[in-house]
Structures are given as structure tokens and as C-alpha cells.
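>>> take this sequence and fold it.
(one chain, ligands or ions: 1)
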Amino acid sequence: MTMWVANGLSQDLPSGVVMAGNWQGAELAIWRSVSGRLAAWGDRCPHRGMRLSHGFVRGETLSCIYHGWTYGSDGACSKIPAHPTMVPPAAIKAEVYQCVEADGVIWVGPAGPEADLPDLSGMVAVRSVSVLGDVAALTRALPGFVADGALWRGQVGGVSVSLVVQARGAGLGLHALCGAAAHRVAVSRWLDGVVQLVEQEALT
Ligand code: FES
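Residues are numbered from 1 along each chain as shown. The predicted structure follows:
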């Protein structure tokens, strides 16, 4: 079954921007073209391995920052600046992952058939934070929340809150959504407190 991993909120990745991400230990470059198309690739240029997340978006392509090799939305190399008249071989291609957006969250999975995404319908994106702590520390910091895989749900001041949890290096990414747009500011402040609590708990 497809294992989806949240890599951010849609609002975290505007058009024309590339960011680093991950999927089950694999490092990724996740980018959005100028027209809004989303893609997730292995974070390694097929030329000499530079991180594609350090590259730059031009229109509907992503270019590596090292020698400028350029890749189209299907991951295939479309241009090698040092050989401007050459058509790049089809084998030169970034490693493509499945990347979709639903309910304001960017999800990554392996290439293949789509499985069901976690249901976050009706929820409103708040913001994403990084925290230095693990799931055990998060569990102690949020005793009223119920975890279903990476999706944690609870109530904050009478408002439904969902946290989508992502492993991020030595810590976690917390992607927060709430049940009503009018409560986004309050939930965002609450989230600051959660970061402090988790980091305190991680030290105990
Ligand atoms: S390493 Fe990417 S273009 Fe050379």
C-alpha cells in the first residue's frame, strides 16, 4: 500500500519555488512550476549528484545549480548548457516520486497507484513548524491528542485541530490544520507552545 508522507502545507510552496523534503529516508526536491504544477524528485542531480533542492525553477523546468542541467516536469533532462545542440539521452532522468495535494497538504508517496489519503476535509491550513523532539516527546506534550499513524487529532479551546507529523532529520515537522479559519491565529499561537513543550519533553 502507498505510504503517504506529508511534506508541508500547500501554502509553504509557492509557484516557482523548490524545497527539500523526504519520503521514508529518501531525500527529495519538491518543487512547484510557475504554472503551479507540483513535483517531487530524488534530491540528486543525475549529472554529478548536486542537490536539486538547491536548484532553481524556470517556467515549467527545474535546473541544477551546479552545471545548469535542466529537467522537465516528467523528470527527463531537456537541456545541457555545455552542449546546447545535443538532445539529452532519455536515460538522463531524475527519480520521480508521486506527489499530490489534498486539503491544503502536500503528500509524497512512491510512484505507482494512488492509495487513499488521510481525510482532512473541512480543515483549514494553519502553518508548519519544525521541532527538535521525537514522537515520544510529542505524545507526552499532547496527552489529549489521538494518533492514527502520522495524523494526530485533538481539540484546542473547543476547536478541532489536526497535526500531520513528518520525520525530519533529528526532529519532526508538524503541519497544523484547524476546523475554522477564524481560529487560525489562536491555533498558531498554541503551536508555538507545543514546540516549546516537545523540546522540553525531549530533554527529560
Ligand atoms: S551536478 Fe547537476 S548539472 Fe552537474
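>>> near the ligand, which residues of this structure are found?
Contacts of the chain with the ligand, taken as C-beta under 6 Å from any ligand atom, map to 45, 47-48, 50, 64, 66-69. C-beta: built from backbone N, CA, C; applies to glycine.
>>> quick check: longest helix of the chain.
helix 184-203 (DSSP state H).
>>> related to what we said a few turns ago, filter the residues of the chain next to the ligand down to the buried ones, PyMOL style.
The PyMOL command for the buried members of the residues of the chain next to the ligand (criterion: 16 or more other C-beta atoms under 10 Å) is given here:
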select buried, resi 45+50+64+69
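>>> farthest pair in the residues of the chain next to the ligand?
Within the residues of the chain next to the ligand, R48 and G68 form the most distant pair, 12.0 Å apart (C-beta to C-beta).
>>> that older thread, which of the residues of the chain next to the ligand lies closest to P88?
W69 (7.8 Å).
>>> touching, that closest one and M86? I think so.
No - between W69 and M86 there is no contact under C-beta atoms under 8 Å: 11.4 Å.
>>> can you list the weak-confidence ranges in the chain?
1-2, 110-115 (pLDDT under 70).
>>> and the helices in the chain?
With DSSP H as the criterion, the chain has helices spanning 135-141, 184-203.
>>> list the buried residues of the longest one.
Yep, that's helix 184-203 we're talking about. 184, 186-187, 190-191, 194-195, 197-198, 201-202.
>>> just send those back as a markdown table, with distance to A141 too.
Converted to a markdown table, the buried residues of helix 184-203 look like this (distance: C-beta to C-beta, whole Å):
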| residue | distance to A141 |
| --- | --- |
| R184 | 21 |
| A186 | 18 |
| V187 | 15 |
| W190 | 11 |
| L191 | 11 |
| V194 | 6 |
| V195 | 9 |
| L197 | 4 |
| V198 | 5 |
| E201 | 5 |
| A202 | 9 |
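>>> any idea which residue sits dead centre in this structure?
By C-alpha atoms, centre = their mean, the chain has its centre lying nearest to N7, at 1.8 Å.
>>> tell me the domain ranges of this protein?
What automatic domain parsing lists as the domains of the chain is 5-109, 124-202.
>>> and the end-to-end length of the last one?
If I follow you right, that is domain 124-202. 29 Å (C-alpha to C-alpha, to the nearest Å).
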